[in-house]
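K.L.:
quick check, what structure comes out for this input:
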Amino acid sequence: MDDAKDAATALSIGEFATRSGVSARTLRHYESLGLLLPRRSANGYRVYDARDAKRLAQIVAMRQCGLPLATIGRLMSDGGGSLREVLSDHLRSLRAQGDALADAIARTESAIRNVERIDGMDTNDAFEELKAQGMRDFEATYGQEARKLYGNQAIDDANERMMALTQDEWDAKELLEESIKVQLRLAMASGDPEGVESQELARMHERWIGVHWGDGYGKDAYLGLVRGYLKDPRFVKYYDSAAGDGATGFLVKAVEAWQGRK
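P.N.:
Purely as a prediction, here's the structure:
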């Protein structure tokens, strides 16, 4: 912009507020957040020009869509691509979050129904219902693929073992599963799939598989099962969401290293 054009479009904060319909107080607030940065004249007064008007219009448009100012600031300060491209990326991220939220809502609604169903049961009946629901959830999520890979008999036997667990055994299984996630984070932090933390992770995981599959599976079958995690996005999501990106691959390497020592 040349000096003549710049002077012609220069507005004081009062004039800019009047023309834009945004109060001077709000303009100052946007400036304090780094969203709008007008030039300063020789005497220190704010001077707004056409570039400020365009930027303010973008801010107002995003505010009308319900975006918080912190998000607007992050989007507008992104150095890569146009604001439209940045917003499009943000929209894709929001849609992905929406899908995850929809899944979480569905799981929570299912949990409420389960709680309502067992409210009137005694302790033993409630525990048996808990185990049965666990089996139903497994069948709904992994049953078809598991039966195709390992056969109906293997899955039926695993389900039977689960249903035969006492409450103490069931609680121990659940605690082990959560402990594996913690140990996976510790092992990943070490960065060494053959290190001490990873060896303990592999031992814990082998015990957990043994609870489900019994002692009849062989080394090759176990390694095949674990390597199969990487081929199933649901398993990748399960471990990566618990311990960070790459957690599933790290677990596989740790198990392979541990089995190689035996």
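K.L.:
quick one: low-confidence parts of the stretch 1-150 of the chain?
P.N.:
Across the stretch 1-150 of the chain, the ranges flagged by pLDDT under 70 are 1-9, 78-83, 86, 111, 114-124, 126-127, 130, 142, 146, 149-150.
K.L.:
okay, now Glu85: neighbour count?
P.N.:
Other residues within reach of Glu85 by the criterion other CB atoms under 10 Å amount to 11. (C-beta placed from N, C-alpha, C; glycine too.)
K.L.:
now do the strands in this protein.
P.N.:
Here the chain has its strands, by DSSP state E, at 39-40, 46-47.
K.L.:
point out the most buried one among those.
P.N.:
Of the strands of the chain, the one with the most neighbours on average (mean count of other CB atoms under 10 Å) is strand 46-47, at a mean of 19.
K.L.:
mind listing residues that contact it?
P.N.:
Contacts to strand 46-47, defined as CB atoms under 8 Å, 6 or more residues apart in numbering, come from residues 10-13, 31, 38-41.
K.L.:
strand partners of it, parallel vs antiparallel please.
P.N.:
Its sheet considered, strand 46-47 pairs with strand 39-40 (antiparallel) by DSSP bridges.
K.L.:
of the contacts of strand 46-47, which is the most crowded?
P.N.:
Going by other CB under 10 Å, Pro38 tops the contacts of strand 46-47 with 22 neighbours.
K.L.:
residues touching it, list them.
P.N.:
By CB under 8 Å, 6+ apart, the contact set of Pro38 is 13, 16, 31, 46-49, 52.
K.L.:
again, only this time at 6 Å
P.N.:
46-48, 52 (CB atoms under 6 Å, 6 or more residues apart in numbering).
K.L.:
got phi/psi on it?
P.N.:
phi -70, psi 160 (degrees, to the nearest 10).
K.L.:
now swap in Val22 and tell me
P.N.:
phi -110, psi 130.
K.L.:
for it, which non-adjacent residue is closest in space?
P.N.:
Leu56 (6.5 Å; CB to CB, 6 or more residues apart in numbering).
K.L.:
and the one you found, how many neighbours does it have?
P.N.:
21.
K.L.:
how about Ala24?
P.N.:
A total of 14 residues lie near Ala24 under the criterion other CB under 10 Å.
K.L.:
quick check: it vs Leu11, distance?
P.N.:
Note on Ala24: its distance to Leu11, by CB to CB, to the nearest Å, is 12 Å.
K.L.:
circling back: quick check: the two most widely separated of the contacts of strand 46-47?
P.N.:
Using CB to CB, these span at most 16.3 Å, a distance reached by Ala10 and Glu31.
K.L.:
how near is the residue nearest to Val22 to Tyr229?
P.N.:
51 Å.
K.L.:
just the helices in the chain please.
P.N.:
Secondary structure of the chain, counting by DSSP state H: helices at 3-9, 13-20, 24-32, 50-64, 69-77, 83-118, 123-138, 144-150, 152-164, 167-190, 196-213, 219-227, 233-243, 247-261.
K.L.:
columns distance to Leu176 on top of the strands of the chain, output as TSV?
P.N.:
As requested, the strands of the chain are arranged in TSV below (distance: least, CB to CB, whole Å):
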stretch	distance to Leu176
strand 39-40	63
strand 46-47	63
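K.L.:
picking that back up, distance to Leu101 added to the contacts of Pro38, as TSV?
P.N.:
Listed next are the contacts of Pro38 as TSV, based on distance: CB to CB, whole Å:
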residue	distance to Leu101
Arg46	42
Val47	45
Tyr48	40
Asp52	37
